[in-house]
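Peer 1: turn this into a model:
(chains A and B)
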Amino acid sequence: MHNVRAIFRREFASYFATPLAFVFIVIFLLLAGVFAFYLGGFYERGQADLTPFFTYHPWLYLFLIPALSMRLWAEERKSGSIELLMTLPVTAWQAVLGKYLAAWCFAGVALALTFPMWITVNYLGEPDNGAILAAYIGSFLMAGGLLAIGACISATTRNQVIAFIFTVVICFGFLLSGFPLVLNLFKGWAPQAVVDAVASLSFLTHFGSISKGVIDLRDLLYFGTMIAAWLAANVIVLEMKKAD
Amino acid sequence: MIEISHLTKRYGALTAVDDISFNVEAGQVLGFLGPNGAGKSTTMKMITGFLSPTAGSIRVCGHDVEREPIAAKSCMGYLPEGAPSYAEMSVRAFLNFIADVRGLSAQRRRARLDDVIERLGLAGVLEQVIETLSKGFRRRVGLAQALLHDPQVLILDEPTDGLDPNQKHEVRTLINAMSKDKIIVISTHILEEVDAVCNRAIIIASGKILADDTPQALAARAPSGRLDDVFRQITTGAKPAREKEVAHA
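Peer 2: Here you go, the predicted structure:
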C-alpha cells in the first residue's frame, strides 16, 4: 500500500510541477462556464438547477480527459523512466493504481473548483442540492471511466499524440454507444443481444441517469466495472510490453 | 549472489542473449564488456526484472527474478542505461520518492539520504530540478537512487558514460569503496575502467560469453599485455564478419 501512496504522491505533484495543472484547470473551468452559460442557456431558462452545466460535461471530458491521460505512461516510455519504475520493488498493479488515482484526483480537483456554479444557483433560487451532488458524483465517475480508458491506451505507446487521438476516438465510441451512430455499426449483422450489450455500455446513458439525481446501484456498478476492466487491461499491456 | 543459468533472449529472429550462464559472488566487481549491441544491456535488464527472459533463469540473493520479482528487486540497486529519472522533479523530491518506494523508515531514510548525498556530492543541487542539471550530475542522481537503500547487489549500466575525466575518477573511487562486501556488475566499453575497478571481466559479443577471467589474466593473453588488444582479438576474431559490419554501420 505504501507503494501506491508513494507513486500517487509523486504523480500528483508532477502535475503541479509544470504549467499543466494550471492550464488544464483554467481551460476546464472556462469551457465549463462557456458551455453552461451560452450553449446551455443557464440564465435564460429561468430554472435554479445545474442541468445546463452538467449536460456538456461528457463533451468537455471527451477532449480534456485524453489530454490528461495521454502522458500517464507514454511519457514514462519516452523518457525511459519506466525502466526505473518497473525495476523498483513495485508490482504493475501498484504502479497502475497509483498513477491512475493521481490523475483521477487531479480531475476531481478541477471538477471541485466549479463550486462557484453551485453557489450561484443557490444564490439565485432553491435548487435540489441532492440532485446536484448526485450529478457531481456522476460526473466524477464518468471522468474516472474515461481516464481508465486513457491510461490503458497511453501504456501502449511512447507517443503522446497517438495516445491522445486513440483515446478520443475510443472515448467517443463509449460515450455514444447507446446512439444510432454506433449502434448502426452493429445492427444487421450482430445478434440483438450484442446490440443491447453495446447500447448498455454508453457513458452518456449512465451519466444521464445519475445526473437526474438517482444514484442507481447499476450505474455505480457500471462505472466500477468499466474502471476495473480498463485498469486490468492497463496492467496486462504493461506486463506484456515493459520495454520500448 | 547472482546465479544466471542458460539465459536466452530472442527478439523475433534476432538472438540478443544466447544461452549464457555465470555466477557472481559477494566481493566481486564484475565488468561486463562488449561491443555495442553485444547483449550487455539486455542481460542487465533481465537481471533487474525489466525484461523477461525467453529461456533460462536468474536468481538474485536467492530469489528467482521471474517468480519473486519484488524480493529480488528489493535487494538490487539499478542504474539503467542513460540514467533515466523524472525530469520535472527536484533532486530532493526524486530521492524522497525512491526512499518512499524502497520503504525506508524515517530514521534510516535520513541516514541513507545524508550518505548518498555526501558520497555523490549532491548537496549543492538538492533543490534543483533534474531537467536543468548537467549530464554528469544527472548520472550522479541516478547513482544516488541506485545506492539509496544500500543494496547487496548493484547493477550499473555504463555508469561513467558521458562523464568528464574527473567525474569518471570519482565514480570509480566510489565503486572501489563499496566493493568489499557487495556484488557490483558494471557494463562498459571503456577498457581502462575494467582495469581500474573490476576484479573480474566477462567479454560478451553477439549474445555469447567469449571470455571470463580477471582483467590481469585477460591482458596477459595478448603478446602486448594490453586489455585493448585482447578485447579486439576476442570480439573481432570470434565474431562473424557480417555482424561486425552491422555494428560499425
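
Peer 1: correct me, but residue B:142 touches residue B:79?
Peer 2: Yes. Residue B:142 lies in contact with residue B:79 (C-beta atoms under 8 Å); the separation is 4.9 Å. C-beta coordinates here come from the backbone N, C-alpha and C atoms, glycine included.

Peer 1: and residue B:15, what does it touch?
Peer 2: Neighbour list for residue B:15: B:8, B:9, B:207 [criterion: C-beta atoms under 8 Å, 6 or more residues apart in numbering or on different chains].

Peer 1: helix or strand: which one has the second one?
Peer 2: Looking back up the chat, that one is residue B:9. Secondary structure from DSSP states H and E places residue B:9 in strand B:2-11.

Peer 1: pLDDT weak spots in chain B?
Peer 2: The model of chain B has pLDDT under 70 over residues B:238-249.

Peer 1: ok, now chain A?
Peer 2: Low-confidence segments of chain A (pLDDT under 70): A:243-244.

Peer 1: residues from it in reach of chain B?
Peer 2: By the rule C-beta under 8 Å from any C-beta of the partner chain, the part of chain A lying against chain B is A:2-3, A:5-7, A:9-10, A:13-14, A:17-18, A:79-81, A:83-84, A:86-91, A:242-243.

Peer 1: filter those residues down to the buried ones, ChimeraX style.
Peer 2: In ChimeraX, a selection of the buried entries from the residues of chain A next to chain B looks like this (16 or more other C-beta atoms under 10 Å in any protein chain shown):
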select /A:3,6,7,9,10,13,14,17,79,80,81,83,84,86,87,88,89,90,91,242
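
Peer 1: show me the residues of chain A next to chain B that map onto helices.
Peer 2: A:2-3, A:5-7, A:9-10, A:13-14, A:17, A:79, A:81, A:83-84, A:86 (DSSP state H).

Peer 1: tell me the one of those nearest chain B?
Peer 2: Nearest to chain B among those: residue A:6, at 3.5 Å, using C-beta to the nearest C-beta.

Peer 1: what's the distance between the closest residue to that closest one other than its chain neighbours and residue A:98?
Peer 2: Excluding its sequence neighbours, the residue lying closest to residue A:6 (C-beta to C-beta, 6 or more residues apart in numbering or on different chains) is residue B:100, at 3.5 Å. Applying C-beta to C-beta, to the nearest Å, the value for residue B:100 to residue A:98 is 11 Å.

Peer 1: so between the two, which is more surrounded?
Peer 2: Legend: neighbour count by other C-beta atoms under 10 Å in any protein chain shown for residue B:100 and residue A:98, higher for residue A:98 (23 against 17).

Peer 1: surely that one is in a helix?
Peer 2: Yes. Counting by DSSP: H, G, I helix; E, B strand; the rest coil, one finds residue A:98 located in a helix.

Peer 1: looking at chain A, which helix is longest?
Peer 2: helix A:129-154.

Peer 1: in the helix or strand just after that one, what's buried?
Peer 2: Helices and strands here follow DSSP H and E; after helix A:129-154, the next one along the chain is helix A:160-175. For helix A:160-175, burial by neighbour count (16+ other C-beta under 10 Å) applies to A:160, A:163, A:164, A:166, A:167, A:168, A:170, A:171, A:172, A:173, A:174, A:175.

Peer 1: the spatially closest residue to residue B:151 that is not a sequence neighbour: neighbour count?
Peer 2: Spatial nearest neighbour of residue B:151, chain neighbours left out: residue B:77 (3.9 Å); criterion: C-beta to C-beta, 6+ apart. Other residues near residue B:77 come to 25 when the count uses other C-beta under 10 Å.

Peer 1: and residue B:77, how far is that from residue B:156?
Peer 2: For residue B:77, the distance to residue B:156 (C-beta to C-beta) stands at 8 Å.

Peer 1: just the ones in helices among the residues of chain A next to chain B now: which is nearest residue B:190?
Peer 2: The closest of these to residue B:190 turns out to be residue A:83 (C-beta to C-beta; 21.9 Å).

Peer 1: list the residues that contact the nearest residue to that closest one once chain neighbours are set aside.
Peer 2: Nearest in space to residue A:83, with sequence neighbours left out and distances taken as C-beta to C-beta, 6+ apart, is residue B:80 at 4.4 Å. With contacts defined as C-beta under 8 Å, 6+ apart, residue B:80 is in contact with A:80, A:83, A:84, A:87, B:45, B:48, B:50, B:142, B:157.

Peer 1: make it 10 Å
Peer 2: A:80-84, A:86-87, B:41, B:44-45, B:48, B:50, B:142, B:145-146, B:155-158 (C-beta atoms under 10 Å, 6 or more residues apart in numbering or on different chains).

Peer 1: and residue B:142, by the same measure?
Peer 2: Shown in contact with residue B:142 (C-beta under 10 Å, 6+ apart): A:84, B:78-85, B:94, B:120, B:130, B:156-157, B:159.

Peer 1: which SS class is it?
Peer 2: In three-state terms, and counting by three-state DSSP, residue B:142 is helix.
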